[in-house]
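> turn this into a model:
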Amino acid sequence: MTRLSVNINKIATLRNARGGNIPDLIKAAVDCQNFGADGITVHPRPDERHIRYRDVRELLPVITTEFNIEGYPSDKFLELIEEARPDQVTLVPDPPEAITSSQGWDTRLNLEFLKNVITHLKDLGIRTSIFIGTQTDLIKYAAETGTNRVELYTEPYASSYSLNREKAIEPFIKAAVIAYECGLGINAGHDLNLDNLKYFSQNIPQLLEVSIGHALISDALYFGLENVIPMYKRLLV
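Here you go, the predicted model:
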């Protein structure tokens, strides 16, 4: 079954909007795991507008499932990773000012840079994943970096799902097949939700993990966190 990693960035955003410690990010992470999440994802950005570097350190003792840290591999980010030693690092190409991830890596242009970063992370015993689009040539270059997995950037699928889901899923199926043939594990994330997740999961072969934050935390406002995590997990095959 595909694993569900819950991205808790939005809980930190809500906390930071008012100051103090409400909602309690650490308690939320523990609750997510108790309610069935297979992992916790965080994405600390340079301006710490949601997840703070301190949060990562405070989360370490309470993560009993899988800890996935996303981010651009700056020197500061890599120093944090060396200290935290998470189960997985997902490398994203976001500039510091990005509101959210909006594209995958150009693995051809950044091949040597990614090779060096991934070699370092693997020497630390950390599984690596590269955030990437569906261009098959770039997936092949991703395999050359030595990464364990790729995370397919699913916003194009989500934005087109209601118009023509068969057409929306087609490039992702092709991308997943190429990735699997290249020996890469397949993750996915960005704008997956209760409406589009099941169809994606049913049609993407060898899908190992989805990382979902914004939609899941938003749905928790209506259904409660304890209810919404099982709702998402029932959509995964």
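
> which residues touch the residue most central in space within the chain?
The centre of the chain sits closest to residue 211, judged by CA atoms, centre = their mean, with a distance of 4.2 Å. With contacts defined as CB atoms under 8 Å, 6 or more residues apart in numbering, the neighbours of residue 211 are 5, 6, 7, 39, 41, 68, 70, 90, 151, 187, 188, 189. In this view, the C-beta of every residue, glycine as well, is placed from N, C-alpha and C.

> max-length helix in this protein?
In the chain, assigned by DSSP state H, the helix with the most residues is helix 165-181.

> starting from the helix or strand just after it, tell me which strands it pairs with and how they run.
On the C-terminal side of helix 165-181, the closest following helix or strand by DSSP states H and E is strand 185-189. Taking DSSP bridges as the criterion, strand 185-189 sits next to strand 149-153 (parallel), strand 207-212 (parallel) in its sheet.

> OK, contacts around residue 196?
Contacts here follow CB under 8 Å, 6+ apart; on that basis residue 196 touches 157, 158, 161, 165.

> surely the last one touches residue 199?
What it means is residue 165. Yes - with contact defined as CB atoms under 8 Å, residue 165 reaches residue 199; the gap is 5.7 Å.

> nearest spatial neighbour of residue 175, chain-adjacent residues omitted?
When the adjacent residues along the chain are set aside, residue 175 lies closest to residue 134, with 4.0 Å between them (CB to CB, 6 or more residues apart in numbering).

> pretty sure that neighbour contacts residue 170?
No - between residue 134 and residue 170 there is no contact, the gap being 9.2 Å when judged by CB under 8 Å.

> more crowded one of the two?
Neighbour tally, residue 134 and residue 170, criterion other CB atoms under 10 Å: the higher count belongs to residue 134, 21 against 14.

> quick one: the helices in this structure?
9-18, 25-34, 53-59, 75-84, 111-123, 136-144, 155-160, 165-181, 197-203, 214-223, 225-233.
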